[in-house]
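Asker: Mind looking at a prediction? Sequence and model below.
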Amino acid sequence: MVESTIHATQAVVTLDVALPGIIWGWMITLNMWAKSIGTGVILVGAFLLYRHKKEEMPNLRWTMPLISFVALNVFLLFTLVDLHQPYRMINIFLHPHWTSAITVGAWMASLFTGLITVMMLIGGFDAFPDFRKHCPVGKKVREISPFYEKIFPFVVFLAIPVTLYTAIIMAESSARELWQAPTEVMQMMWAALLAGSAALIFVSDSWSREARKDLALVLAIATFFSFMMYMGEYFFSFKSAEAEATLEYVHAGGSYNVEFWFAMVLGFILPFFLAVSNMKSDNKTLLRFAAIVALVGLYLAKDVWLKIPQMLPLS
Amino acid sequence: MKLGFLVDLNLCMGCKGCEIACKVENNVPLSTWRLRVKYIDIGTFPNTSRSFTPLRCNHCENAPCERICPVSALHYLENGIVNVDSARCIGCAGCMMACPYGAIYMDPETNTADKCTYCAHRIESGMMPACVVACPVEANIFGDVEDDTSHISQYIMEHQGGVQVRKPEKHTDPKHYYVGGGTYTLDPLAHERIEGYSLFNNITHLEAVGDKNHGVLDRFLAPFTSHGHTDNKSFMDFDKKEHESHEEEGGH
């Protein structure tokens, strides 16, 4: 080919300004990771309540909203901290722009966190009847105890869009072609199921063996499909020149290559085999280990996937 | 009315007059640019040529930055300009992630997103954008693309087939056109960006988005303290220790 022999078409930038580096960094990774736990425990909890009797999972009623509450607050904190003008967050509520997934997500996540707070209070006060027995707040909360079961179906339904809206933000980030809406949506959903099942494993000591087996099953399925999604995107993103250029750089051993494979092994491959083996032999320690590595690996995977398309010069 | 820009790259000689005029007119802080001129060398010695490409906001009709902005800080004006309301911006950087042209920056002084507004304040007073006035060869052509008699419309008609936009595959419908450009000048994937190398310094990437001295805590404390403000004058304070060595800054 003539262009490769005479180098007449070699084009090199010889003078330009410094470009921005990583714009959305670890705080956004942590934000997404925490949200996956926050909504995932609700989705997986609902699945377990559908499959098993409440008595088989005695602490689920209060631990599920408690874990979700903590994770959602981490998510909201880092959403706020990442803003360059954090006090102006209020503008999302005062001047909402509804074409933005950031706006829609902020409204939904706020409502979701509010409902989770109510569920956590009811679940907590019901689980510990002697705690603040004569406190007026405790009394009031215990009075509205049936409200928990009434709002739970709505909370489960709301957990789905709250899980998925970040994928739409990434899709709206049209400068980064690696992030495509359908794949990101599925990645977010699998991440929530993975994180939810992993988080619930830590409180499943007193549960029936069958319930724990279901947790292991959800973890195994979620890790398997997450891994498949990442592999498909990592090796076969042919349809966009920018995505290809990004991945080509990573494939060639560029930045984040090691972190990516570390994340795949730690987050998906290892916990998959541990979870599958645990479905036959009920080993609580091993299952907890699977949960820990899955959560660490998920963070790393999200971190790599967030950062690599930002390395590409846009102009 | 739909205001648009056209740059004739055959005329541009890379003097950077437009870049400086923009900086001065809009008080654009150091380390950020609303308009920049990129030099690209094509071919191998002795058969080489150098091209100059002014890059600024494309004021897209289907602007991804406007769509993703959660508070409408980025909004359309009636004349088609995509404007920024920095008083409303929350600094989420969503627009920086959405703009396929890398035209938006985080202002290190205000910590809000900013970009070229086609000098909307000058347009309002019936003046031309500062970069148009500064161009010694009239390579920048500005006007109403919906008016058949405007200079820009006639220029586009005269150069039919030779008018290009950046990244048309993004379907953003840019209102910023180029004549005399090619894939090598307009597509960032078509030219190599050798890391650590450019004509005058070794800085290829900015250290931080926005003000690098404005950490997480400062973002919350800024309204109550006065130490967070950085302006162009503070960069000129050479008594500061960090300015002792030019090499550390990547300069010569």
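Answerer: Thanks, I have the structure now. This structure is a prediction, so every number in the text was calculated from the model and none was measured. Numbering: from 1, shown residues only, chains lettered A, B, ... in the order given.
Asker: Show the residue spans covered by the helices in the stretch 101-250 of chain B.
Answerer: In the stretch 101-250 of chain B, the helices defined using DSSP state H, counting those that start in this stretch lie at B:120-124, B:130-134, B:151-158, B:183-186, B:216-221, B:232-235.
Asker: Quick one: closest of those to residue A:10.
Answerer: Closest to residue A:10 of these, according to Cβ to Cβ: helix B:183-186, at 9.2 Å. Where you see a C-beta, it was placed from the backbone N, CA and C, and this is true even at glycine.
Asker: For that closest one, which helices and strands make contact with it?
Answerer: Applying 3 or more Cβ pairs under 8 Å, 6 or more residues apart in numbering or on different chains; DSSP states H and E, we find helix B:183-186 packed against strand B:36-44, strand B:47-55.
Asker: just how off-centre is it within its chain?
Answerer: In terms of Cα atoms, centre = their mean, to the nearest Å, the centre of helix B:183-186 is set 17 Å apart from its chain centre.
Asker: any residues touching that helix, and which ones?
Answerer: Defining contact as Cβ atoms under 8 Å, 6 or more residues apart in numbering or on different chains, one finds that helix B:183-186 is touched by A:9, A:11, B:9, B:40, B:42, B:51, B:53, B:164, B:166-167, B:178, B:190-191.
Asker: Now the buried members of those residues.
Answerer: Among the contacts of helix B:183-186, the ones that count as buried by 16 or more other Cβ atoms under 10 Å in any protein chain shown are A:11, B:9, B:40, B:42, B:51, B:53, B:164, B:166-167, B:178, B:191.
Asker: circling back to that earlier point, ok, the contacts of helix B:183-186 vs residue B:78, which is closest?
Answerer: Checking the contacts of helix B:183-186 against residue B:78 by Cβ to Cβ gives residue B:166 as the nearest, at 24.5 Å.
Asker: just to revisit the earlier point, which among the contacts of helix B:183-186 gets closest to residue B:86?
Answerer: Nearest member of the contacts of helix B:183-186 to residue B:86, counting by Cβ to Cβ, is residue B:166, at 24.9 Å.
Asker: Using pLDDT, spot the least trustworthy of the contacts of helix B:183-186.
Answerer: The member of the contacts of helix B:183-186 with the lowest pLDDT is residue A:9, at 66.
Asker: Report all helices and strands that the strand or helix carrying residue A:200 contacts.
Answerer: Counting by DSSP states H and E, the element that carries residue A:200 is helix A:181-201. Applying 3+ Cβ pairs under 8 Å, 6+ apart, we find helix A:181-201 packed against helix A:26-51, helix A:60-82, helix A:147-172, helix A:209-236, helix A:284-307.
Asker: Same list (the helices of the stretch 101-250 of chain B) but as CSV, adding mean pLDDT, distance to residue A:258 and mean neighbour count.
Answerer: Output for the helices of the stretch 101-250 of chain B, formatted as CSV (pLDDT from 0 to 100; distance: least, Cβ to Cβ, whole Å; neighbours: other Cβ atoms under 10 Å in any protein chain shown):
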stretch, mean pLDDT, distance to residue A:258, mean neighbour count
helix B:120-124, 96, 47, 15
helix B:130-134, 97, 44, 21
helix B:151-158, 96, 50, 15
helix B:183-186, 88, 33, 18
helix B:216-221, 80, 28, 14
helix B:232-235, 56, 37, 11
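Asker: Indicate which one of those is closest to residue A:54.
Answerer: Going by Cβ to Cβ, the one of the helices of the stretch 101-250 of chain B nearest residue A:54 is helix B:216-221, 42.0 Å.
Asker: Nearest to chain B: which residue in chain A?
Answerer: Closest to chain B within chain A is residue A:84: 2.6 Å, counting by Cβ to the nearest Cβ.
Asker: ok, back up a step: adding distance to residue B:68 as columns, could you present the helices and strands packed on helix B:183-186 in JSON lines?
Answerer: As requested, these are exported to JSON lines (distance: least, Cβ to Cβ, whole Å):
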{"stretch": "strand B:36-44", "distance to residue B:68": "23"}
{"stretch": "strand B:47-55", "distance to residue B:68": "21"}
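Asker: nearest to chain A, of these?
Answerer: Among the helices and strands packed on helix B:183-186, strand B:36-44 sits nearest to chain A (Cβ to the nearest Cβ), with 3.8 Å.
Asker: And residue A:262, which helix or strand is it part of?
Answerer: Assigned by DSSP H and E, residue A:262 falls in helix A:257-263.
Asker: check contacts around the nearest residue to residue B:93 once chain neighbours are set aside.
Answerer: Counting by Cβ to Cβ, 6 or more residues apart in numbering or on different chains, the nearest residue to residue B:93 once its immediate chain neighbours are dropped is residue A:23, at 5.1 Å. Under the criterion of Cβ under 8 Å, 6+ apart, the contact list for residue A:23 reads A:310, B:93, B:96-97, B:209.
Asker: same question, residue B:192
Answerer: So residue B:192 contacts A:10-13 (Cβ under 8 Å, 6+ apart).
Asker: Tell me who's in contact with the residue most central in space within chain A.
Answerer: The centre of chain A sits closest to residue A:36, judged by Cα atoms, centre = their mean, with a distance of 2.5 Å. Residues in contact with residue A:36 (Cβ under 8 Å, 6+ apart) are A:163, A:188, A:191-192, A:194-196, A:298.
Asker: ok, back up a step: elements contacting the helix holding residue A:262?
Answerer: So helix A:257-263, by 3+ Cβ pairs under 8 Å, 6+ apart, packs with helix A:241-251, helix A:284-307.
Asker: that older thread, export the contacts of helix B:183-186 as TSV, with columns for distance to residue B:77.
Answerer: Formatted as TSV, the contacts of helix B:183-186 follow (distance: Cβ to Cβ, whole Å):
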residue	distance to residue B:77
A:9	40
A:11	36
B:9	27
B:40	32
B:42	37
B:51	32
B:53	26
B:164	25
B:166	21
B:167	23
B:178	23
B:190	33
B:191	33
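Asker: burial measure for residue A:117, as a count.
Answerer: 15 (other Cβ atoms under 10 Å in any protein chain shown).
Asker: where does the residue lying closest to it once chain neighbours are set aside land on pLDDT?
Answerer: Excluding the flanking residues, the one nearest residue A:117 by Cβ to Cβ, 6+ apart is residue A:69, at 6.1 Å. With respect to pLDDT, residue A:69 has a value of 98.
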